[in-house]
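Undergrad: mind looking at a prediction? Sequence and model below.
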Amino acid sequence: MSDSLAQQMQDNVLITVTLSPTSALYSSPDGLIVHPLLTRLGRVGELQDVQVLSVPRDNWSQAQGDILSALNAAPGVLRVDVQDPPRLRAKRGRDEF
């Protein structure tokens, strides 16, 4: 994971939003900014229908309910997922091989 992405995940809560291909939001995803704390980061890789949004982690606990409700109520939104922060994997010891 790049340092900037790791820092982004440490400072912000990331949310993925899956859109219907027939939704107006599909061609104009900036309409997903339904709360002043949201920032649109772009799509997930080459997936046209999945957008990534971020919310400052410091504000998440107060705004979580409002943000998730507003995103789920937006026309054309099929799914909203809050991403778990990445976990470091433990390295195996030499004698485990």
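TA: Now that the structure is in, tell me what you want to look at. Residues are numbered from 1 along each chain as shown.

Undergrad: from Val80, how far off is the residue lying closest to Asp11 once chain neighbours are set aside?
TA: Closest residue to Asp11 apart from its sequence neighbours, by Cβ to Cβ, 6 or more residues apart in numbering: Arg57 at 5.9 Å. All C-beta spots, glycine's among them, are computed from the backbone N, C-alpha and C. Distance of Arg57 to Val80, given as Cβ to Cβ, to the nearest Å: 18 Å.

Undergrad: go on, Ser27?
TA: Distance, Ser27 to Val80, by Cβ to Cβ: 19 Å.

Undergrad: give me the more crowded residue out of the two.
TA: Val80 (18 against 10; other Cβ atoms under 10 Å).

Undergrad: surely that one touches Ala73?
TA: No. In this structure Val80 lies outside contact range of Ala73 using Cβ atoms under 8 Å: 10.0 Å.

Undergrad: what does the model give the spatially most central residue of the chain for pLDDT?
TA: Residue closest to the average C-alpha location in the chain (Cα atoms, centre = their mean): Ile15, at 2.1 Å. pLDDT, Ile15: 95.

Undergrad: CA atoms only for the helix or strand encompassing it, dumped as CSV, please.
TA: Here Ile15 sits within strand 12-19, counting by DSSP states H and E. The C-alpha trace of strand 12-19 is given here as CSV (Å, rounded to 0.1, in the frame of the first residue of the first chain):
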residue,chain,number,x,y,z
ASN,A,12,-10.3,9.5,6.8
VAL,A,13,-13.1,6.9,6.7
LEU,A,14,-13.5,5.6,3.2
ILE,A,15,-16.9,4.7,1.8
THR,A,16,-17.6,2.9,-1.4
VAL,A,17,-20.9,3.5,-3.3
THR,A,18,-22.2,1.2,-6.0
LEU,A,19,-24.3,2.9,-8.6
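
Undergrad: quick one: the helices in this structure, in order.
TA: In the chain, the segments counted as helices under DSSP state H are 3-11, 24-27, 57-73.

Undergrad: pLDDT of the longest one, averaged?
TA: It stands for helix 57-73. pLDDT averaged over helix 57-73 gives 95.

Undergrad: packing partners for that helix?
TA: strand 12-19, strand 50-56, strand 77-82 (3 or more Cβ pairs under 8 Å, 6 or more residues apart in numbering; DSSP states H and E).

Undergrad: cool, thanks, talk later.
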